[in-house]
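[1] Quick one: sequence and predicted model below, then my questions.
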Amino acid sequence: MAQTTLTDLSNQMADAVAAAARSVVQVHGRRQPASGVVHDADIIVTTTRAIGREDGLSVRTPDGRDVEAELIGWDPASHLVALRAAGLDLPTLAVGPAPRVGHIAVAIGRSWSNALTASAGIVSVIGGPLPTGRGRAIEEIIRTTAPMHRGFAGGAFVNTEGQLLGITTAAEIRGLGVVIPAGIVAKTIESLITHGRAKRRYLGVAGQGVQLAAGQRPSDGQSAGVLVVRVMEGSPAERAGLLVGDVLIALDGQPLESPGRLLDALAAGTGPSSTVRVLRGAAASDVVVEIGEN
């Protein structure tokens, strides 16, 4: 079996940063410059750390061009911002597979001088929801050991292949940097583009994937579910009577085999309520939840 040396790993990480560099820009608003990531064609995703008002926005490209930008919208829950900057002509980043705790990753941003800057670490925690005030929350966040200054806000968090894992915030929780996962970013930005605001359906639980015992499995043979490890106070889940220790196995008939599948099922729903199939011990029941939106 081939051995990976530290030099090989170092070169691979440098290559990953170089591959992502053309998709990471500098954003100028009424505050200190921050970073942004090319989302699609003339769309940039960043965070509210860079903007202060809706006017006077611009994007500086990696080759130093200044492009005027306009605000499409921003999400009060995640503080993500969508900007439109016509004529960027910059590539987008491929989205990587969901990271695992322990994976090496790199935060990429732009310094005050627009120089490329990178910071490596590991994926330390994947969890959530994270309350962000006024009843709002981010369904899931990544926390990393990669140290980041304020200029990293709105930058890219990539794996060792240079694929996007999330958007950096430069916020910290107990010394670990906070990253918004790429899946949540994509849904938020698309909602901002389509509706001018982020429409997010949520249960208000934190969950982790769990394997089901043979006696707990549904008739279709589903082998995994989502174990509830936290229920947010005042959330739809609490009002519906969901408890820590419950295992969620379906939402509106869609199997829930991981927290990611739960987020996808919530995003796909349209009605004010949903039916959650819940395992409590060996007993399965259907619980109707009035889904929240923030």
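    Thanks, I have the structure now. Residues are numbered from 1 along each chain as shown.

[2] center of this structure, which residue is that?
    Residue closest to the average C-alpha location in the chain (C-alpha atoms, centre = their mean): Pro181, at 2.0 Å.

[3] for that one, what are its contacts?
    98, 126, 140-142, 165-166 (C-beta atoms under 8 Å, 6 or more residues apart in numbering). Heads up, the C-betas are built off the backbone N, CA and C, glycines and all.

[4] Of all pairs in the residues you listed, which one is the farthest apart?
    Within these, Ala98 and Ile141 form the most distant pair, 13.2 Å apart (C-beta to C-beta).

[5] Please say which of these two ends up with more neighbours.
    More neighbours sit around Ile141 than around the other of Ala98 and Ile141, counting by other C-beta atoms under 10 Å; the figures are 23 against 15.

[6] Counting neighbours, what do you get for Ser124?
    Neighbours of Ser124 under the rule other C-beta under 10 Å: 18.

[7] sorry, back to before: give me the buried entries from the contacts of Pro181.
    Of the members of those, the ones counted as buried by neighbours, 16 or more other C-beta atoms under 10 Å, are 126, 140-142, 165-166.

[8] Strands of the stretch 51-200 of the chain, start to end?
    In chain order, the stretch 51-200 of the chain shows strands spanning 57-60, 66-74, 80-84, 104-110, 116-127, 130-133, 136-138, 141-144, 156-158, 164-173, 176-181, with DSSP state E, counting those that start in this stretch as the criterion.

[9] Which of these sits closest to Thr4?
    Of all these, the one in closest proximity to Thr4, counting by C-beta to C-beta, is strand 104-110 (11.5 Å).

[10] starting at the chain centroid, how far to that closest one?
    Here the centre of strand 104-110 is set off from its chain's centre by 15 Å, with C-alpha atoms, centre = their mean, to the nearest Å.

[11] again with stretch 186-199
    Counting by C-alpha atoms, centre = their mean, stretch 186-199 comes out at 14 Å from the chain centroid.

[12] quick one: average pLDDT of that stretch?
    In this model, stretch 186-199 carries a mean pLDDT of 82.

[13] ok, and what's touching it?
    By C-beta under 8 Å, 6+ apart, the list of residues contacting stretch 186-199 reads 39, 43, 45, 72-78, 80, 82, 95, 200, 267, 293.

[14] out of those, which are buried?
    In the contacts of stretch 186-199, burial by neighbour count holds for 39, 43, 45, 72-75, 77-78, 80, 82, 200, 267, counting by 16+ other C-beta under 10 Å.

[15] TSV for the residues you listed, including distance to Ser235?
    TSV is the format used below for these (distance: C-beta to C-beta, whole Å):
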residue	distance to Ser235
His39	29
Ile43	31
Val45	27
Ile72	29
Gly73	25
Trp74	23
Asp75	18
Ala77	13
Ser78	17
Leu80	21
Ala82	27
Arg200	13
Ala267	17
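
[16] quick one: least confident of those residues?
    Per-residue confidence across the buried ones among the contacts of stretch 186-199 is lowest for Arg200, with 67 (pLDDT).

[17] Sheet partners, orientation included, of the lowest-mean-pLDDT helix or strand in the chain?
    For the chain, using mean pLDDT, DSSP states H and E, the weakest element among its helices and strands is strand 292-293, scoring a mean of 70. Neighbouring strands of strand 292-293 in its sheet, by DSSP bridges, are strand 201-202 (antiparallel).

[18] and Ala14, helix, strand or coil?
    helix (DSSP: H, G, I helix; E, B strand; the rest coil).

[19] count of neighbours near it?
    With neighbours defined by other C-beta under 10 Å, the count for Ala14 comes to 12.

[20] before we move on, what about the one 4 residues further on?
    The local packing of Ala18 (other C-beta under 10 Å) involves 13 other residues.

[21] my guess is it is in a helix, correct?
    Yes. Secondary structure of Ala18, determined by three-state DSSP: located in a helix.

[22] Quick check: closest non-adjacent residue to it.
    In space, not counting the residues next to it along the chain, Ala18 is nearest to Gly162; the distance is 7.8 Å by C-beta to C-beta, 6 or more residues apart in numbering.

[23] Could you list which residues are in contact with that neighbour?
    Taking C-beta under 8 Å, 6+ apart as the test, what Gly162 contacts is 15-20, 93-94.

[24] Now with 6 Å, please.
    In this structure, Gly162 makes contact with 16, 19-20, judged by C-beta atoms under 6 Å, 6 or more residues apart in numbering.
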